[in-house]
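> everything below, folded, please.
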Amino acid sequence: MISSKDLQFALDSTDSVVVMTDKNGIIVYANKAFEKLYGYTLDEAIGKRTSILKSGYHDNDFYQDMWEVINSGNTWEGIFRNKTRNGTLIWEQAKISPIKNNEGDHTGFIAVKENITYKRNLEDQIQKEQFLLNELFSNAPIGIIISEPIYDKNKNSIIDVLIIKANPIASTIFSRLGLVGLRYSNLYPSFHKLIIKSGSFLKDKESFDFYLSETDRHLSFRTFPIEEKRFCSLFYDITEYKNTIRELIENRNKLDAIVNTNIVGIGVVNKNNEFVFVNSRFAELLGYSEDELLHLTNYDITESESVDITSKMISQLFNGEILNCSIEKKYIKKDKSVFWGSLYLSPIKNENGEIIEAAGLVADIDEKKKIEMQILKNEQMLKELNSTKDKLFSIIAHDIKNPFGVVLGFANLLSDRLSELSGNEIREYIDQILIAGENTYKLLEDLLTWGRSQLGKLNSKKEYISPYTIVSEVFSYYHQLIRNKKLIIKNGFSPQLCVYADYDMLKFIIRNLIHNAIKFTPENGIIECFEENNENSNFKTIVVKDSGIGISTEKQKELFNNESFLTTLGTNNEKGTGLGLSLVKEMIDKNNGTITIESGLGKGAIFRIELPAVSLDSNF
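From the prediction side, this is the model:
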């Protein structure tokens, strides 16, 4: 027969807690495992009620039921949540049985207990993660379907696909009250294509767009295999997005490819904005692995200008101020590049209804943003072109029409009264026709040159040119205008002087400056063209100077502006397009030169043009 000493040794050697009490629950014995687990010594525990272990977790009914069982002579089995001496809460699997003497009377109770705290915490964690997944599944703003294939009798080929589970959004997208239990073939005829592809869905991840012709919807799918020969499909409606892209292509014909429409990324953050879950697509968008993202916060991947609004939105979500929210923001990839993403956030609650995490879905909208910016740019360009067109039509309607009226009027006079007119009168009429013709030609030339400028066809072909020769030709060309105003002209350029520029452009520049000088110089005035010294030996300074009415400081600021079309009547009411000087500035720029003006009202005008004396193209 085993001795009490051996029995004591055996009880102290076991990992299970053994406690013996009298009929009233007073502890009369406890083994070493009791001391180790609860932190009480035997001297401290013996004589105390077992209630010293209570944590307050169980109510009175729980203990009353237990006492009824063991007082009736039966064994009670259950789980306690007790408290150690230092206040630590523990879970225990307990079995309590009555102790009887030889006469069969109850003398006390013996309890054998196992510490199951770790096991219970693990079960709670699994339950929490399952809850998280269920919340994601139910609350996701995209359709989610779990399916399994149906094989033929020989198990050789898939003949249909059965829907095992589906979230509410999936039913909404397919306009059905419920999807669970339906076969693909029962949904839409178009789904026959998915039945054929389902074999590949069981092997690897796939992303594709699918057109549902029966409802005229475009869907973006991402599938991946799961256990038990099933696969999961994530999808959302991209019909509006597709239509927008198609309209942009049709209206502007400037897009080379449609925007990437792969499935969205999913990320879950806690209240500290730390990622606790991410899917592979989210990691793919940002260039990280899933494990790397789980060591980052939402702010680590948010571009600085989007941090404040993102923080405010997440704070409002966790505080319950908003049910869900969406925002377009900038993300930073692992390689530090930035892309635009559309973020949709919704809360995740625990069993008590408390918001514990936030689930976000991110779609790449970088291409969409580029398109929007291009549209804004095109709209601005169109406004500018329309404004320029209106100004151009105004010039054509007024400034060109009038000279033709002069030409036709004097021509009719000559035709009708030629035999009656004296030689001087004929000469005067012909002079007026010549002046009107020269002015009209100048207007047309400005308009044509401006048109080439707007089309980007003003190209320079540089060579060594003599300003003397060009000035002589221009004075000769405008001889009638000069003679009519009795102007004094001086070509002070040396025939040996050369500049390196485009011949046609330089001729246009000098002709416009001289024409303006003629236009704004009164009778008997002076127009001079000459060279000024330049400290830079690589450049030459050519000057066009007149004794005309001058230009105010305010008008000088707008003189070379190609948008203002600044026009002023000449001393003899000569008209112009307002294009000449802006074109002069553009042509001088194309020839690596500069132009400045020195003038004031009543002080005449001096235009200084600085052009290269040698080829400088290699330096630009």
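
> farthest from the middle of this protein: give me that residue.
residue 103 (86.9 Å; Cα atoms, centre = their mean).

> pull up the gap between it and residue 109, please.
Distance from residue 103 to residue 109, counting by Cβ to Cβ, to the nearest Å: 17 Å. Backbone N, C-alpha and C define where each C-beta goes, glycine included.

> pop out the phi and psi values for residue 611.
The phi/psi pair for residue 611 (degrees, to the nearest 10) reads phi -130, psi 150.

> who does it bridge with?
In this entry, residue 611 is beta-bridged to residue 540, by DSSP bridges.

> since we're on it, how many residues are nearby?
25 (other Cβ atoms under 10 Å).

> what sits against it?
Applying Cβ atoms under 8 Å, 6 or more residues apart in numbering to residue 611 gives the contacts 499-501, 506, 539-540, 542, 588, 591-593.

> from those residues, list just the buried residues.
499-501, 506, 539-540, 542, 588, 591-593 (16 or more other Cβ atoms under 10 Å).

> still on that earlier bit, okay, the contacts of residue 611 in JSON lines with distance to residue 524, pLDDT and secondary structure next?
As requested, the contacts of residue 611 are exported to JSON lines (distance: Cβ to Cβ, whole Å; pLDDT from 0 to 100; DSSP: H, G, I helix; E, B strand; the rest coil):
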{"residue": "499", "distance to residue 524": "31", "pLDDT": "92", "secondary structure": "strand"}
{"residue": "500", "distance to residue 524": "37", "pLDDT": "92", "secondary structure": "strand"}
{"residue": "501", "distance to residue 524": "33", "pLDDT": "89", "secondary structure": "strand"}
{"residue": "506", "distance to residue 524": "29", "pLDDT": "88", "secondary structure": "helix"}
{"residue": "539", "distance to residue 524": "34", "pLDDT": "91", "secondary structure": "strand"}
{"residue": "540", "distance to residue 524": "31", "pLDDT": "91", "secondary structure": "strand"}
{"residue": "542", "distance to residue 524": "25", "pLDDT": "92", "secondary structure": "strand"}
{"residue": "588", "distance to residue 524": "31", "pLDDT": "89", "secondary structure": "helix"}
{"residue": "591", "distance to residue 524": "34", "pLDDT": "89", "secondary structure": "coil"}
{"residue": "592", "distance to residue 524": "38", "pLDDT": "91", "secondary structure": "coil"}
{"residue": "593", "distance to residue 524": "32", "pLDDT": "91", "secondary structure": "coil"}
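
> ok, those vs residue 11, which is closest?
For these, the residue nearest residue 11 by Cβ to Cβ is residue 592; the value is 104.3 Å.

> my guess is that closest one meets residue 612, correct?
Yes. Here residue 592 lies in contact with residue 612, judged by Cβ atoms under 8 Å, at a distance of 5.4 Å.

> and the strands in the stretch 251-400 of the chain?
In the stretch 251-400 of the chain, the segments counted as strands under DSSP state E, counting those that start in this stretch are 265-269, 275-278, 325-332, 338-349, 355-364.

> to residue 286, which of the ones you listed lies closest?
Nearest to residue 286 among these is strand 325-332; the distance by Cβ to Cβ comes to 6.5 Å.

> now the closest one: average pLDDT?
Mean pLDDT, computed over strand 325-332, is 88.

> report the angle between it and strand 355-364.
Using axes from the mean of the first three to the mean of the last three Cα atoms, to 10 degrees, the direction of strand 325-332 lies 60 degrees away from that of strand 355-364.

> now do the buried residues in strand 325-332.
Neighbour-count burial for strand 325-332 [16+ other Cβ under 10 Å]: 325, 329-332.

> so what secondary structure elements neighbour it?
On a contact count with 3 or more Cβ pairs under 8 Å, 6 or more residues apart in numbering; DSSP states H and E, strand 325-332 meets helix 280-286, helix 307-318, strand 338-349.

> just give me the neighbour total for the residue lying closest to residue 333 once chain neighbours are set aside.
The shortest distance from residue 333 to any non-neighbouring residue, by Cβ to Cβ, 6 or more residues apart in numbering, is to residue 287 (4.4 Å). Per other Cβ under 10 Å, the neighbour tally for residue 287 reads 15.

> ok, now the one 10 residues further on?
Here the count is done by other Cβ under 10 Å, and residue 297 has 14 residues near it.

> bridge partners for it, pull those for me.
residue 274.

> where does it land on pLDDT?
pLDDT, residue 297: 91.

> got a list of what the residue nearest the centre of the chain touches?
Nearest to the mean C-alpha position of the chain, by Cα atoms, centre = their mean, lies residue 340 at 2.9 Å. Listed by Cβ under 8 Å, 6+ apart, the contact set of residue 340 reads 328-331, 364-366, 368-369.
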